[in-house]
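Chemist: Provided below are the primary sequence and the corresponding predicted coordinates.
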Amino acid sequence: MRKNLEDYDLPRSKWVEIFSEWILDEKARYIMERKLLDNVTFEALADEVEMSERQVKNIVYKNIGKIINHI
């Protein structure tokens, strides 16, 4: 079983579709897209969404697990 999203060679449009299907919270989807597709640092992303870096990391890691279980 693949453990990292980097192991999957999918176009951006497919990732956006997967995020939309499995991540119901709009802010969490935005965070996932910015972090995983746009390669924004956790620090910059936390400032962008006005959350702590720890909160952003928790959202990303929680949702990576959810996505890996469904693709």
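Modeler: Cool, the structure landed.
Chemist: let's verify the residue nearest to residue 20 when sequence neighbours are not counted: helix, strand, or coil?
Modeler: Using Cβ to Cβ, 6 or more residues apart in numbering and skipping the chain neighbours, the partner closest in space to residue 20 is residue 29 (6.6 Å). Using the backbone N, CA and C atoms, a C-beta is placed for each residue, glycine as well. Taken by DSSP: H, G, I helix; E, B strand; the rest coil, the conformation at residue 29 corresponds to helix.
Chemist: burial count for residue 64?
Modeler: Neighbours of residue 64 under the rule other Cβ atoms under 10 Å: 16.
Chemist: thinking it is in contact with residue 8, fair?
Modeler: No. Using Cβ atoms under 8 Å, residue 64 is not in contact with residue 8; the gap is 11.4 Å.
Chemist: and residue 12, how far is that from residue 37?
Modeler: 6 Å (Cβ to Cβ, to the nearest Å).
Chemist: quickly find the element holding residue 63.
Modeler: According to DSSP states H and E, residue 63 maps onto helix 53-68.
Chemist: run the chain-centre distance for that helix.
Modeler: 7 Å (Cα atoms, centre = their mean, to the nearest Å).
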